[in-house]
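Asker: Just the structure for this:
(chains A and B)
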Amino acid sequence: EAGVAQSPRYKIIEKRQSVAFWCNPISGHATLYWYQQILGQGPKLLIQFQNNGVVDDSQLPKDRFSAERLKGVDSTLKIQPAKLEDSAVYLCASSLAPISGEQFFGPGTRLTVL
Amino acid sequence: TQLLEQSPQFLSIQEGENLTVYCNSSSVFSSLQWYRQEPGEGPVLLVTVVTGGEVKKLKRLTFQFGDARKDSSLHITAAQPGDTGLYLCAGDSGNTPLVFGKGTRLSVIA
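Answerer: The predicted structure is shown next:
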């Protein structure tokens, strides 16, 4: 069974530029999560989708971050414009169940904002 | 806001030693998950504990959930270099997103 795929694996941009990350979850997983993991910290949930609907985006900085999952499968996370403090690993995860289910994580995208 | 405190933050030990890492909170969780994350990879689930006082064993790893479901511990017996990684606990309250601790970074030296 293929795992969660993410691309790119690494991205370096200058502040005020835009960036987008892509995630392909495990086939059949209806729930998709985007997490931000700053160096030395645990993952912080940015947004949770159930199929193509948003379940929770309370910690998403909506003035600069956006995410979509138009067909209920792949998802993109965008940052526009990026700030220095956005430097982090962005993890995508998926699960069968929306609550209390095991989450399967992708390898993440390491973003460096200069 | 639910917080999970993990200790120690860093741990460096010799191969063959035993160790225990802790995950504490003032909040009650319906379940608690332990993950291991290796460099350049996402976290991988090791175990989920659900019942207060529950003990689960996974080879040389023993996980315990506190009676009050506010804390948990992970004990590793005879640590090996392959155990090296970031150990994260995550609390599930059932109706809110998982809350992750900051993790314990373990280094096992051969």
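Asker: Excluding chain neighbours, what is closest to residue A:90?
Answerer: Distance criterion Cβ to Cβ, 6 or more residues apart in numbering or on different chains; nearest residue to residue A:90, sequence neighbours excluded, is residue A:109 at 4.8 Å. Bear in mind the C-beta positions are built from the backbone N, C-alpha and C, glycine included.
Asker: Check residue A:97 too.
Answerer: Setting aside the residues directly before and after it, residue A:97 is nearest to residue A:31 in space (Cβ to Cβ, 6+ apart), at 7.0 Å.
Asker: Let me know how buried that neighbour is, in neighbour terms.
Answerer: 19 (other Cβ atoms under 10 Å in any protein chain shown).
Asker: Now for it: which residues touch it?
Answerer: Taking Cβ atoms under 8 Å, 6 or more residues apart in numbering or on different chains as the contact definition, residue A:31 lies against A:48, A:49, A:50, A:55, A:94, A:95, A:96, A:97, A:98, A:101.
Asker: before we move on, what about residue B:15?
Answerer: By Cβ under 8 Å, 6+ apart, the residues touching residue B:15 are B:79, B:80, B:81, B:108, B:109, B:110.
Asker: thought residue A:8 was touching residue A:109?
Answerer: Yes: under the criterion of Cβ atoms under 8 Å, residue A:8 is in contact with residue A:109, at a separation of 6.0 Å.
Asker: so what sits against both of those two?
Answerer: Counting by Cβ under 8 Å, 6+ apart, the common neighbours of residue A:8 and residue A:109 are residue A:21.
Asker: ChimeraX command to pick out the buried ones of the contacts of residue B:15?
Answerer: Buried members of the contacts of residue B:15, defined by 16 or more other Cβ atoms under 10 Å in any protein chain shown, are picked up in ChimeraX with:
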select /B:79,108
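Asker: Dump the contacts of residue B:15 into TSV; add distance to chain A, pLDDT and secondary structure as well.
Answerer: What follows is the contacts of residue B:15, written out as TSV (distance: Cβ to the nearest Cβ, whole Å; pLDDT from 0 to 100; DSSP: H, G, I helix; E, B strand; the rest coil):
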residue	distance to chain A	pLDDT	secondary structure
B:79	22	97	coil
B:80	23	97	coil
B:81	21	96	helix
B:108	20	97	strand
B:109	21	96	strand
B:110	25	94	coil
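Asker: The residue positioned nearest the centre of chain A sits in which helix or strand?
Answerer: Nearest residue to the geometric centre of chain A (Cα atoms, centre = their mean): residue A:34, 2.9 Å. Secondary structure from DSSP states H and E places residue A:34 in strand A:31-37.
Asker: Quick check: residues of chain B near chain A?
Answerer: If contacts are counted using Cβ under 8 Å from any Cβ of the partner chain, the residues of chain B sitting beside chain A are B:4, B:30-31, B:33, B:40-45, B:48, B:88, B:90, B:92, B:94-98, B:100-103.
Asker: Name the residue of chain B that lies nearest to chain A.
Answerer: Of all residues in chain B, residue B:42 sits closest to chain A, at 2.8 Å by Cβ to the nearest Cβ.
Asker: Surely that residue is in a helix?
Answerer: No: residue assignment for residue B:42, taken from DSSP: H, G, I helix; E, B strand; the rest coil, gives coil, which places it outside any helix.
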